[in-house]
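> sequence and predicted model, in that order:
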Amino acid sequence: MDLLGVFGILMGILTIILFIIKKFNIIVAAPIATNVVLLFNDVPILETVFGKENSYMTALAGFVASNFAIFLLGSILAKYMDKSGATVSIANKVLALVGTKNPYNALVALFIISAILTYGGINVFVIIFALVPMAKPIFRELNISWKLVIIPIFGGTSTFTMTMLPGAPSLHNIVPSTALGTTLTAAPLIGIVTSVVAIVFILTFMKISLSRSLKKGETFVGNESDESSNANLDRKLPSFIVSLLPIVVLLAIILIFSSVSNIIIVALITAIVLSAILFRKQIEQQKDVLNQGANESVGSTITTGSTIAFGSIATSVPAFKGVFQLIQSIPGPPVLSLMVGTGLIGGITASAVGAIGISVANFAPYYLELGLDPETVHRAIAIGSGALSIVPYSGFLIIFNNLTGLTMKDSFLKGFISISVTHWIAMAVIVIMAILGLA
């Protein structure tokens, strides 16, 4: 094994984490960390960073090209929902249904909404752009710590509905299906059992976290101020039905026409046009909403693309092959090392989807030769991808913090437990099922 090269990968990861802790922008931190990796590996630096093929810049450009439209339109729609007061109107309705005496019910409601939207095939970035503004007035009214918002949203969007539950239309389920020739319902027993365990764990963690927060006397006040939302409370809000209509239309178009290419783009544009019409009385200067949404989307796209570009380079250097060989030697059922290996890639790339793409191409053939069932490989790779996908330089976490106004100190531990620890527990369940001959 190329120990110097492996050391370089570790130093690159530590570098990017240190820069994030020191509050450097990930757009600056990622290329610097990439160069640290390359310095310890026998790879031409300039060509690997700036080359026209298989370079840091091409990986970044590829992500931007594929995802910028979603970030742009999602950000604009979120601005319309926020500035019009639609999110406050929806939040008031949710509060009327679940009540204000038991804050846990509101967290569970937000968790269920997040889960339904994700299992319905809605892009997770679109979901957080829409749900964060809606959740804020709920937390303000209940006067509970804004830091808790990460648990129901992350638990609902990025765990069982994404990697475990059979039939999920997420890329985490589609990519291994396409590569292995399996169906989206592959390994249903594993998927259902791990989903049940994950839901129980998330709801328990949410209950414990809320209880601890209330005992400490934590409140919404002081965590996050939002002048625009406060202003919404002082003027006439759109009705609940009108407020919800753009989101309903968005979901309906995506679900009904799911087989149509780029339907999410069409759905977002339709929802934005509808919002511009429905909320014209609440928003006098629609130009400002468009400008703000557009400006914020640029940073979000480049941020996420930068982390994925770093990961693509870190996992492409020759030393990473030695890491793969080390992973294969992990004792226990073969499915364990497969999940650990996929999870490690997820941690390096800060992308569960990226980890799955690398794993199905490089790991899956080896495990299929060992005799593992393709459906088990499918589900194991999907679930393993979430084991370390939340790291301090995760684009998803950074964007979430930007939207909520939270700091890495506020959100990382809760986010890590909500996603990574939930997947660790699911992985443990799979290992037990493998030992018992059920997987």
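That came through fine.
> show me the shaky parts of the stretch 1-150 of the chain.
1, 100, 120-122 (pLDDT under 70).
> helices along that one, start to end?
3-21, 26-39, 45-50, 56-83, 86-98, 103-119, 124-142, 150-157 (DSSP state H, counting those that start in this stretch).
> among these, which is the most enclosed?
helix 150-157 (a mean of 27; mean count of other CB atoms under 10 Å). The way it works is simple: take the backbone N, C-alpha and C, and place the C-beta from them, glycine included.
> and the helix or strand that that one is followed by, what does it pack against?
Note on helix 150-157: by DSSP states H and E, the next helix or strand toward the C-terminus is helix 171-180. Counting by 3 or more CB pairs under 8 Å, 6 or more residues apart in numbering; DSSP states H and E, the packing neighbours recorded for helix 171-180 are helix 352-362, helix 364-369, helix 374-384.
> ok, now how distant is Pro365 from Thr304?
Distance, Pro365 to Thr304, by CB to CB, to the nearest Å: 29 Å.
> ugh, wrong one, Val391
When Val391 is compared with Thr304 (using CB to CB), they lie 13 Å apart.
> name the helix or strand for the residue nearest the centre of the chain, please.
The geometric centre of the chain, computed from its C-alpha atoms, lies nearest to Phe396 (CA atoms, centre = their mean), at 4.9 Å. Phe396 belongs to helix 395-404 when assigned by DSSP H and E.
> quick one: distance of that helix to the chain centre.
For helix 395-404, the gap between its own C-alpha mean and the chain's C-alpha mean amounts to 10 Å (CA atoms, centre = their mean, to the nearest Å).
> give the buried residues for the very next helix or strand once past it.
Next along the chain after helix 395-404, taking DSSP H and E as the criterion, comes helix 408-416. Going by neighbour count (16 or more other CB atoms under 10 Å), the buried part of helix 408-416 is Met408, Asp410, Ser411, Phe412, Lys414, Gly415, Phe416.
> which of those residues sit farthest apart?
Asp410 and Phe416 (12.4 Å; CB to CB).
> what separation do you get for Val340 and Leu14?
For Val340 relative to Leu14 (CB to CB), the value is 20 Å.
> run through who's touching the helix holding Phe396.
Helix 395-404 is contacted from outside by 20, 26, 78, 124-125, 128-129, 132, 146, 149-150, 153-154, 158, 224, 296, 299-300, 303-308, 350-351, 389-391, 406-408, 410-412, 415, using CB atoms under 8 Å, 6 or more residues apart in numbering.
> before we move on, what about stretch 86-104?
Identification of contacts with stretch 86-104 by CB under 8 Å, 6+ apart yields 80-81, 105-106, 108-109, 133-138, 141-142, 144, 206-207, 210, 214, 229, 232-233, 237-240, 242-244, 246, 275, 279, 282.
> quick one, helices of the stretch 151-300 of the chain?
Going by DSSP H, counting those that start in this stretch, the stretch 151-300 of the chain shows helices at 171-180, 188-215, 227-232, 240-256, 263-278, 286-314.
> how about TSV for those, with mean neighbour count, mean pLDDT and distance to Leu370 added?
Below are the helices of the stretch 151-300 of the chain laid out as TSV (neighbours: other CB atoms under 10 Å; pLDDT from 0 to 100; distance: least, CB to CB, whole Å):
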stretch	mean neighbour count	mean pLDDT	distance to Leu370
helix 171-180	20	84	14
helix 188-215	17	96	18
helix 227-232	14	50	55
helix 240-256	18	84	39
helix 263-278	19	90	38
helix 286-314	21	87	26
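> before we move on, back to that, can you lay out the helices of the stretch 1-150 of the chain as CSV showing distance to Ile192?
As requested, those are exported to CSV (distance: least, CB to CB, whole Å):
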stretch, distance to Ile192
helix 3-21, 35
helix 26-39, 37
helix 45-50, 43
helix 56-83, 30
helix 86-98, 27
helix 103-119, 13
helix 124-142, 22
helix 150-157, 18
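> quick one: which of those helices is nearest Ile345?
Comparison of the helices of the stretch 1-150 of the chain against Ile345 by CB to CB identifies helix 3-21 as nearest, at 11.2 Å.
> not counting sequence-adjacent ones, nearest residue to Ser275?
Leaving aside its sequence neighbours, Ser275 sits nearest to Tyr80 (CB to CB, 6 or more residues apart in numbering; 3.9 Å).
> and Ile265, by the same measure?
Leaving out its chain neighbours, the residue that sits closest to Ile265 by CB to CB, 6+ apart is Ala69, at 5.4 Å.
> go on, Thr301?
Spatial nearest neighbour of Thr301, chain neighbours left out: Phe71 (4.4 Å); criterion: CB to CB, 6+ apart.
> again, but for Ala382
Nearest to Ala382 is Thr163, by CB to CB, 6+ apart, at 4.4 Å.
> and the gap between the one you found and Leu250?
Between Thr163 and Leu250 the distance, using CB to CB, works out to 24 Å.
> before we move on, what about Ala86?
13 Å.
> how about Ile174?
From Ile174 across to Leu250, the span is 20 Å (CB to CB).
> repeat for Phe50
39 Å.
> re the thing from before, surely the residue nearest to Thr301 and Ser300 touch.
Yes - here Phe71 reaches Ser300: they are 5.1 Å apart, a contact under CB atoms under 8 Å.
> please work out how many residues are found near Ile356.
28 (other CB atoms under 10 Å).
> that one: what's it in contact with?
With contact set as CB under 8 Å, 6+ apart, Ile356 has these partners: Leu171, His172, Val175, Pro176, Thr342, Ile381, Ala382, Ser385.
> right, and the pair among these with maximum separation?
Leu171 and Thr342 (14.3 Å).
> and the helices and strands packed on helix 171-180, which is most packed in?
helix 374-384 (a mean of 28).
> now that one and helix 352-362, what's the angle there?
Per axes from the mean of the first three to the mean of the last three CA atoms, to 10 degrees, the angle that helix 374-384 makes with helix 352-362 is 140 degrees.
> and the average pLDDT for helix 374-384 is what?
Averaging pLDDT along helix 374-384 gives 95.
> which other helices and strands contact that helix?
So helix 374-384, by 3+ CB pairs under 8 Å, 6+ apart, packs with helix 171-180, helix 188-215, helix 334-349, helix 352-362, helix 364-369, helix 422-435.
> got those helices as JSON lines, with distance to Lys101 columns?
Shown next, in JSON lines, are the helices and strands packed on helix 374-384 (distance: least, CB to CB, whole Å):
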{"stretch": "helix 171-180", "distance to Lys101": "37"}
{"stretch": "helix 188-215", "distance to Lys101": "13"}
{"stretch": "helix 334-349", "distance to Lys101": "40"}
{"stretch": "helix 352-362", "distance to Lys101": "37"}
{"stretch": "helix 364-369", "distance to Lys101": "50"}
{"stretch": "helix 422-435", "distance to Lys101": "28"}
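> nearest to Thr34, of those helices?
Set against Thr34 and scored by CB to CB, these come closest in helix 334-349, at 11.6 Å.
> picking that back up, average pLDDT for the helix holding Phe396?
90.
> all good on my end, thank you.
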